[in-house]
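got a sequence here, can you build the structure:
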Amino acid sequence: MISAPASSPFDGAKLVAQIRQWGLELGFGAVGVGGVDLTDAEPGLAAWLEASFHGEMDYMARHGMKRARAAELVPGTLRVISARMDYWPDAAPADAALADPQRAYVSRYALGRDYHKVLRARLQKFAERIAAVAPHQYRVFTDSAPVLEVEHASRNGLGWRGKHSLLLDRAGGSWFFLGEIFTDLPLPLDAGVEPHCGRCTACIEACPTGAIVAPYRVDARRCISYLTIELQGAIPADLRPLLGNRIYGCDDCQLVCPWNRFAQLTHEPDFAPRNRLDSATLVELFAWSAADFAERTAGSAIHRIGHERWLRNIAVALGNAPGTPEVLAALRARAQDDSALVREHVAWALARHAAAATG
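The predicted model follows:
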């Protein structure tokens with residue numbers, strides 16, 4: 001935690017109003033302030049972990065209830081300032097990319113610069129600006145520590161948890177990132193937001209793999225985002241056909257959400273698509289060498305999965321694509337890849353095309 005000299009008494013309401021204004025100036029779409037008590041969220045977290053819905057994400061279980069206890073994670077924390085930043089990019093239409101099995105689909109959040117880098121730097125500036133007026137002890141987070149981000153944001157007035165488990169806002173949908181500032185300032189609290197999903201189950205019905213096993217409950221082991229990003233080894237064979245052309249993440253539950261018709265295009269240039277990732281074909285991306293991958297994903301969230309899993313994911317998508325001469329040639333070119341993981345997925349894809357060709 002970063003510390004600063006003790007401050008003199010301040011006008012809490014006035015400071016919160018200033019904090020909101022500073023947040024807007026720094027590119028955040030909304031800012032809210034909440035407490036640290038998430039006791040009533042702990043049973044749901046414990047049940048989710050007990051069901052092993054976290055899959056190979058061992059860190060989720062390792063941190064346990066600390067995720068719901070801000071003052072244990074950062075001693076002295078009295079308030080959590082939640083901030084959200086829009087990321088919906090001005091990119092080739094998502095629906096068109098998903099409808100073309102020869103094109104690669106990359107989750108909209110990953111088309112540009114790594115959001116961890118963007119938000120962390122912005123949150124640091126945000127916390128420093130607050131400290132200049134009201135010195136405080138603080139620490140900033142953005143999907144980088146055991147923090148129940150959606151839970152905090154929903155209690156801090158930024159929206160409500162949708163049935164897909166993501167945060168929703170009536171005016172902004174769900175295409176935004178979340179970040180937090182843990183602070184020891186005793187700021188006045190914002191009120192939470194009533195949920196507005198009603199009887200809608202569009203997100204549940206749209207999930208390609210049935211990962212949303214119940215409203216507000218996601219089995220990560222079936223989620224395409226988990227399978228293409230977090231999973232280290234082989235993608236389960238029975239799920240591969242369901243991935244379609246999604247090679248990094250999945251947006252289906254958000255694309256069908258009625259509230260996202262109100263989503264705003266991001267004003268953040270760092271989130272603009274790079275290297276034609278919003279329109280590239282699977283064959284193009286499968287041809288990237290390790291050096292190409294390293295260069296073209298530098299500074300991107302995609303970089304962390306590495307070239308091997310990148311090829312694994314694309315091999316599955318090529319197995320789901322039409323068996324054109326270009327697709328088959330691309331797969332055969334990597335049939336003897338140095339990676340056993342890649343070879344296995346390429347063999348599956350070629351076998352899938354062979355089976356289709358013979359009826």
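
now do the contacts for the nearest residue in space to P101 that is not next to it in sequence.
The shortest distance from P101 to any non-neighbouring residue, by CB to CB, 6 or more residues apart in numbering, is to A321 (4.7 Å). C-beta coordinates here come from the backbone N, C-alpha and C atoms, glycine included. A321 makes contact with 101-102, 245, 282, 327 under the criterion CB atoms under 8 Å, 6 or more residues apart in numbering.

check A92 too.
273, 278-279.

all helices of the stretch 1-150 of the chain, in order?
Applying DSSP state H, counting those that start in this stretch to the stretch 1-150 of the chain gives helices spanning 12-25, 42-50, 58-63, 70-73, 94-99, 115-133, 149-155.

which residues are in contact with the second one?
Yep, that's helix 42-50 we're talking about. Defining contact as CB under 8 Å, 6+ apart, one finds that helix 42-50 is touched by 54, 60-61, 64-65, 67-68, 148, 217.

low-confidence regions, this structure specifically.
Residue ranges of the chain with pLDDT under 70: 1-9.

highest neighbour count among the contacts of helix 42-50?
Neighbour count (other CB atoms under 10 Å) singles out A68 as the most crowded of the contacts of helix 42-50, with 25 neighbours.

and that residue, what does it touch?
38-39, 41-42, 45, 148, 151.

still on that earlier bit, now neighbour count too, for the contacts of A321, in CSV please.
Shown next, in CSV, are these (neighbours: other CB atoms under 10 Å):
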residue, neighbour count
P101, 15
Q102, 16
N245, 22
L282, 26
V327, 24
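
what's the most distant pair in the residues you listed?
Across those, no pair lies farther apart than N245 and V327, at 11.3 Å, counting by CB to CB.

which neighbours do the two have in common?
Common contact partners of N245 and V327 (CB under 8 Å, 6+ apart): 102, 282, 321.

for stretch 185-198, buried residues please.
In terms of neighbour count (16 or more other CB atoms under 10 Å), stretch 185-198 has its buried residues at 185, 187, 189-190, 192-193, 197.

err, stretch 225-241, not the other one
Applying a neighbour-count criterion of 16+ other CB under 10 Å, the buried positions in stretch 225-241 are 225-231, 235, 239-240.

cool, and stretch 211-221?
Here stretch 211-221 shows 211-212, 216-221 as buried, counting by 16+ other CB under 10 Å.

out of the residues you listed, flag the one nearest to G12.
Using CB to CB, Y216 is the member of the buried residues of stretch 211-221 that sits closest to G12, with 32.5 Å.

now the closest one: how far from L166?
Going from Y216 to L166 by CB to CB, to the nearest Å gives 10 Å.

where exactly do the strands run in this structure?
Here the chain has its strands, by DSSP state E, at 30-34, 79-86, 105-106, 138-141, 160-161, 167-168, 176-183, 212-214, 217-218, 246-248.

okay, now the sheet partners of the first one, with direction.
Sheet partners assigned to strand 30-34 using DSSP bridges are listed as strand 79-86 (antiparallel).

what angle do the partner strand and strand 176-183 make?
160 degrees (axes from the mean of the first three to the mean of the last three CA atoms, to 10 degrees).

ok, now which ones touch the closest residue to F126 other than its chain neighbours?
Spatial nearest neighbour of F126, chain neighbours left out: L26 (5.5 Å); criterion: CB to CB, 6+ apart. Contact partners of L26, counting by CB under 8 Å, 6+ apart, are 122, 125-126, 129.

ok, and the most crowded of those residues?
That'd be F126 among these, by other CB under 10 Å, with 25 neighbours.

residue contacts, the residue nearest to V283 when sequence neighbours are not counted?
Residue nearest to V283 in three dimensions, not counting chain neighbours: A330, with 4.7 Å by CB to CB, 6+ apart. Residues counted as contacts of A330 (CB under 8 Å, 6+ apart) are 282-283, 286-287, 318.
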